[in-house]
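**Q** curious how this folds, go ahead:
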Amino acid sequence: MLRLEAEPGTVAPGIGCFKAPAANRTSPRSFCRLALLFTAVLLVGCARLRPTQEAAPESRLSPTATARPAVHTQDELRAMVAGANVVICVIDAARADHIGCYGYPRLTTPSIDRLSAEALTFENHFCQAPMTKLSTTSLLTGLYPDTHTAYEYRKLRPGTFTLATALRSAGLRSAFVSANLNASPRMGIGGDFEFTATMWEFGRERVNPEQPALGTGAPEGKKSRYCPSRWLDTFSRWLADNRDSRFCAYVHLMPPHKPYAAPKKLKRIFAGENPPTAWQGDFPFPGLEPEAEHADTLPLGEWVNLYDANLRWADEGVAQLVRLLSRSGVLDNTLLIVTSDHGEAFGEHGYIDHNRGVYDELLHIPLLLRFPGGAVVGRVPALTQTVDILPTICDLLEVPCPDTVQGRSLLPLIAGDTDSVNDYVFARCCGETPSYLVRTSDHALMLYQGGRLRCLFDLKRDPRQLANVIDEKPQEAERLVGVFRGFLHTQTRKPVRFLDPSAKEPPPEQQAVVQISEDTRRELRALGYLQ
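**A** A predicted model of the protein is given here:
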């Protein structure tokens, strides 16, 4: 908060000054009137000079009022994190447009909003896939899904450069704590961290073989394996033994992912309200809808209220993580990154949940980067992607990063040496209607498997992505098709089936797969990852 200071008997310059002459003292009654006048004037002045972010609850910032970070050179930014720890907190299924500092009018994320006020907030950040395993693997490797190819039960290839191996070479200890089965060594990722904790390491409740109804089917609160506190307590014990060492930690919190098992006190916050921005639409092409797409969902308002309550639960987890780092004395020597693996759809384009579609509600996610001491603050409007996180960390910590990494360091962007590091975002989904996205700041091209169906959206005129303008803008569509053609040739498993209906992809390379039990299959099915 901006503080106004003045000498005794004066009002701060710019508001007006008053000082009673010594030879003409006022009476007590006059002094009271003057004191009231002084207070009123001071309050008006403070209101005029108060920073913009305090106009909204919990220091929430408007995404339209972009404030560029203060200029620091790349070397200065590297110096800020010299010897620092790295903590990445992933909030599962958190779509950016339901977060306060991204403009959502509900108080879903007061802690994240406060963190945004002392961090870099990347306004246009996108994941590489609307599902946990593909997206998380892209975060840990800096590779697009068609290059790391860790689909379904496939493991990463031995020798793949990862966050853990990069920072181990710099002498950092490492911990991987995840509440989501799909982001775990059991599913083939994260096993190169020194310490791992997932539901498989310390027990879990047996799940129903069928997917539970939203808001039910799992214990609530700390009894739930989804509870952020349960996983942060585990991380706290690890941190107590390792805080005197330099470390890197990956912490994956389950909410707001279904089954939406937040405590009842949180579910009551938004219960019965009309969600402020919820809407539903149709599939882009007739007959594209999978048969079971709308099975077992709640009315839209109740559904979104439940999601927002669970996002508030995740926000409490972020607050607990920040307190834990602070009380351990490491917060101000830590590069703290808060992001998500993917968003969540409520039927805006016919799709529900995730794993399906490449629209913004599924791919636009938060990214906050807090430097030690909150030394760099601002909002960054440029396009950024999940694959950029690994090379950014390596660049900041001066850890060698091989040319095989496909993401780009955001350090030149943060330092103001460029206005953009990505001209395009590339993302794909592997659901019932596989599709690929080529996105710029102005347009989004979607290509469906088989190469025949395509959509083009003008994002400036149509931010909800409702009007397919591919016939109105054939040149822009063809330009982006050409961009995709160039992109696919850079991938290990070239996604040619999205470009040419007659193309046949070569069989995938031999890659180790995880062996899972029937219990694991039930768990994945309960989370919506298997049909």
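**Q** can we go C-alpha only for contacts and neighbour counts from here?
**A** OK.
**Q** A strand includes residue 477, no?
**A** No - using DSSP: H, G, I helix; E, B strand; the rest coil, the secondary structure at residue 477 is helix, not a strand.
**Q** low pLDDT regions in this structure?
**A** In the predicted model of the chain, residues 1-70, 199-223, 287-296, 505-531 satisfy pLDDT under 70.
**Q** now do the helices in it.
**A** 28-49, 74-80, 110-116, 132-141, 145-148, 163-168, 228-242, 264-270, 300-327, 360-363, 389-396, 411-414, 474-488, 518-526 (DSSP state H).
**Q** got those as JSON lines, with mean neighbour count columns?
**A** Formatted as JSON lines, those follow (neighbours: other Cα atoms under 10 Å):
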{"stretch": "helix 28-49", "mean neighbour count": "13"}
{"stretch": "helix 74-80", "mean neighbour count": "16"}
{"stretch": "helix 110-116", "mean neighbour count": "23"}
{"stretch": "helix 132-141", "mean neighbour count": "26"}
{"stretch": "helix 145-148", "mean neighbour count": "21"}
{"stretch": "helix 163-168", "mean neighbour count": "21"}
{"stretch": "helix 228-242", "mean neighbour count": "17"}
{"stretch": "helix 264-270", "mean neighbour count": "15"}
{"stretch": "helix 300-327", "mean neighbour count": "22"}
{"stretch": "helix 360-363", "mean neighbour count": "28"}
{"stretch": "helix 389-396", "mean neighbour count": "22"}
{"stretch": "helix 411-414", "mean neighbour count": "20"}
{"stretch": "helix 474-488", "mean neighbour count": "15"}
{"stretch": "helix 518-526", "mean neighbour count": "17"}
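**Q** kindly reformat these as JSON lines containing distance to residue 103.
**A** Output for these, formatted as JSON lines (distance: least, Cα to Cα, whole Å):
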{"stretch": "helix 28-49", "distance to residue 103": "22"}
{"stretch": "helix 74-80", "distance to residue 103": "28"}
{"stretch": "helix 110-116", "distance to residue 103": "10"}
{"stretch": "helix 132-141", "distance to residue 103": "24"}
{"stretch": "helix 145-148", "distance to residue 103": "30"}
{"stretch": "helix 163-168", "distance to residue 103": "31"}
{"stretch": "helix 228-242", "distance to residue 103": "24"}
{"stretch": "helix 264-270", "distance to residue 103": "17"}
{"stretch": "helix 300-327", "distance to residue 103": "14"}
{"stretch": "helix 360-363", "distance to residue 103": "14"}
{"stretch": "helix 389-396", "distance to residue 103": "23"}
{"stretch": "helix 411-414", "distance to residue 103": "22"}
{"stretch": "helix 474-488", "distance to residue 103": "29"}
{"stretch": "helix 518-526", "distance to residue 103": "32"}
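**Q** those: which one's closest to residue 403?
**A** Evaluated over those, closeness to residue 403 peaks at helix 389-396, with 10.1 Å, by Cα to Cα.
**Q** skipping adjacent residues, who's closest to residue 436 in space?
**A** Closest residue in space to residue 436, ignoring its immediate chain neighbours: residue 428 at 4.3 Å, by Cα to Cα, 6 or more residues apart in numbering.
**Q** please apply the same query to residue 148.
**A** residue 156 (6.5 Å).
**Q** what about that neighbour, how many neighbours?
**A** Using other Cα atoms under 10 Å, residue 156 is surrounded by 22 other residues.
**Q** ok, so what distance separates it from residue 355?
**A** Distance, residue 156 to residue 355, using Cα to Cα, to the nearest Å: 20 Å.
**Q** picking up where we left off before, and the gap between the residue nearest to residue 148 and residue 492?
**A** 13 Å.
**Q** hey, what's in contact with both of those two?
**A** residue 148 (Cα atoms under 8 Å, 6 or more residues apart in numbering).
**Q** what is the burial count for the closest residue to residue 423 other than its chain neighbours?
**A** Leaving aside its sequence neighbours, residue 423 sits nearest to residue 440 (Cα to Cα, 6+ apart; 6.2 Å). By the criterion of other Cα under 10 Å, residue 440 has 18 neighbours.
**Q** residue 440 and residue 421 touch, don't they?
**A** No - at 11.9 Å, residue 440 does not count as touching residue 421 under the criterion of Cα atoms under 8 Å.
**Q** joint contacts of these two?
**A** residue 383.
**Q** strands of the protein, start to end?
**A** Assigned by DSSP state E, the chain shows strands spanning 85-91, 120-126, 173-178, 195-197, 247-253, 334-340, 345-346, 352-353, 367-370, 378-385, 425-429, 435-439, 443-448, 454-458.
**Q** which residues sit in contact with the nearest residue to residue 503 once chain neighbours are set aside?
**A** Distances taken as Cα to Cα, 6+ apart put residue 497 closest to residue 503, at 5.7 Å, once the chain neighbours are dropped. By Cα under 8 Å, 6+ apart, the contact list for residue 497 reads 449, 450, 451, 503, 504, 505.
**Q** same check on residue 185?
**A** 191, 196.
**Q** any idea how far it lies from residue 155?
**A** Counting by Cα to Cα - residue 185 and residue 155 are separated by 9 Å.
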